[in-house]
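S.K.: one predicted model, sequence on top.
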Amino acid sequence: MTGLGVKTSAGNDIETAYARLLSAESTAAVAEHLVEAEPEIAVKIACLVPEFDMDPYITRRERRQLDRPTELLLCAAVDAVTDAGEQALADLPPARVGVQIGTGVGGLGTMEATTLDYGARPMTMPVHTVPRAMANSPACRVAMRYGFRGNCTTYSTSCASGTAAIGEAARRIQYGELDAAVAGGVDAAVTTTIMGGFAKMRALSGRGDEPGRASRPFDTDRDGFVMGEGAAVLVLERRDLALARGARIHGEVIGYAANCDAFHIAAPDPEAATAAECMRLAIAAAGLTPADIGHINAHGTSTVLNDHAEATAIDRCFGGQPPPLTAVKGVSGHLIGGSGALEAALALLCAERGVVPPVANTLGSPEADLVDVVIGRGRTIAPGPVLSNSFGFGGQNACLVLTPPT
């Protein structure tokens, strides 16, 4: 990994997001556009990306052609490519640089807004409606910006999408198909339809009167997740090429696995055997054993069923001796397809700096006792490999093992 870029509620650069994670301070707040929405929806809190100047990233003309997820992803990608060294990537053969992006709901927000505004007058809708709504628009816009002509693929595996995109990008480099890839995830799902749908499922926290305490992974009083939005992008390169050009290396992807519970479209398998197997496969792919993992960056949604299943899976995988665990969603909310990418980036910084941040708002629970959830204050550990988990609707599991630079 030679480049990192993020646009999230926790911060619009990686160091700001990392500092917010260490502080265990939630970014959840009342979203005014949900308060003003018609029809009324039950949940009006979310973790939104703070306003930032997009002019250095995207021209005003371009913005008319882009929807919210594509804007966020493209801005994060520009930061990541700049961090890696734009000229160094430009010097590679264009066909050897790819783009791999994950998204859970794609352009559904654009389709929602278009239907509400133009449903009765479809021939008056904006000419860019379809390109804005396409789920693969974020990936394609990055490829177009830089002229990257390698494999350009969009992954949609629900909340595991960003993790899958990074893992599959690493595999394409490992197998010799690419020399470098821009990989990550994005979603901007704080819309009336999506929020209403999740609220109807009772998946969202109902703590509207105390939004800063609503997202509480692995806590006894958790009652659902807080929707977030954002994008996170990593630049991956062949190790030998990065070393040859003297690149600053943030770390390495050394293990990846993905599988499926095949159990239920929304609920995880409570026995968690498949999720545990996904962790074991990722660790084995890294050439490690569970005892080698320094800490875990959990999926940690703050929902009753998912936190229970993940804790059970970790207990199965680590044989009752898990390393310390943290969870980003207590701070950032749930970015859906963007979550895994943000969590991978932050997990890598934590692994390199030997710090496991406390989980925001979490005081304890039977699940927290089953695993080693860091509560109250951060914990110092030796720098080493980290396991980053993502589990999504449809039983989609994806795990990464990342290690600091060596």
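M.R.: Yes, it's here.
S.K.: wait, Thr220 sits on Asp369?
M.R.: No - between Thr220 and Asp369 there is no contact under CB atoms under 8 Å: 10.2 Å. Yep, even glycine has a C-beta here, placed from its N, CA and C like the rest.
S.K.: tally of neighbours for Glu168?
M.R.: Using other CB atoms under 10 Å, Glu168 is surrounded by 21 other residues.
S.K.: nearest residue to it other than its sequence neighbours?
M.R.: Gln100 (5.6 Å; CB to CB, 6 or more residues apart in numbering).
S.K.: contacting residues around the residue nearest the centre of the chain?
M.R.: A centroid search over the chain (CA atoms, centre = their mean) returns Ser339, at 2.0 Å, as the residue closest to the centre. The contact partners of Ser339, by CB atoms under 8 Å, 6 or more residues apart in numbering, come to 159, 162, 185, 228, 299, 328-329, 332, 390.
S.K.: quick one, domains of this structure?
M.R.: 3-245, 252-403 (the TED database).
S.K.: and the ones you listed, which is most packed in?
M.R.: Of all these, domain 252-403 carries the top mean neighbour count, a mean of 22, counting by mean count of other CB atoms under 10 Å.
S.K.: can you give me the end-to-end span of that one?
M.R.: Distance across domain 252-403, first residue to last, is 5 Å (CA to CA, to the nearest Å).
S.K.: please compute how far that domain lies from its chain's middle.
M.R.: 13 Å (CA atoms, centre = their mean, to the nearest Å).
S.K.: element containing Ala257?
M.R.: strand 252-260 (DSSP states H and E).
S.K.: for that strand, name the packing helices and strands.
M.R.: Where contact means 3 or more CB pairs under 8 Å, 6 or more residues apart in numbering; DSSP states H and E, strand 252-260 is packed against helix 161-174, helix 273-285, strand 396-403.
S.K.: CA atoms only for the next helix-or-strand element following the first one, dumped as PDB, please.
M.R.: Sequence order places strand 180-188 as the next helix or strand after helix 161-174, per DSSP H and E. Taking Å, rounded to 0.1, in the frame of the first residue of the first chain, the C-alpha atoms of strand 180-188 are listed here in PDB:
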ATOM      1  CA  ALA A 180      -0.800  -1.500  -9.400                       C
ATOM      2  CA  ALA A 181      -4.400  -0.800  -8.600                       C
ATOM      3  CA  VAL A 182      -6.600   1.900  -7.100                       C
ATOM      4  CA  ALA A 183      -8.900   0.000  -4.700                       C
ATOM      5  CA  GLY A 184     -11.500   0.900  -2.100                       C
ATOM      6  CA  GLY A 185     -15.200   1.400  -1.400                       C
ATOM      7  CA  VAL A 186     -17.900   4.000  -1.200                       C
ATOM      8  CA  ASP A 187     -21.500   4.600  -0.400                       C
ATOM      9  CA  ALA A 188     -23.700   7.600   0.300                       C
END
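S.K.: can you start the count at 54 instead of 1 from here on
M.R.: Let's use 54 as the start, then, which means that last one is strand 233-241.
S.K.: C-terminal to strand 233-241, what's the next element?
M.R.: Counting by DSSP H and E, what follows strand 233-241 is helix 245-253.
S.K.: packing partners of that next one?
M.R.: Against helix 245-253 (3+ CB pairs under 8 Å, 6+ apart) you get helix 161-171.
S.K.: wait, Glu230 sits on Asn204?
M.R.: Yes - contact criterion CB under 8 Å: Glu230 and Asn204 qualify, at 6.5 Å.
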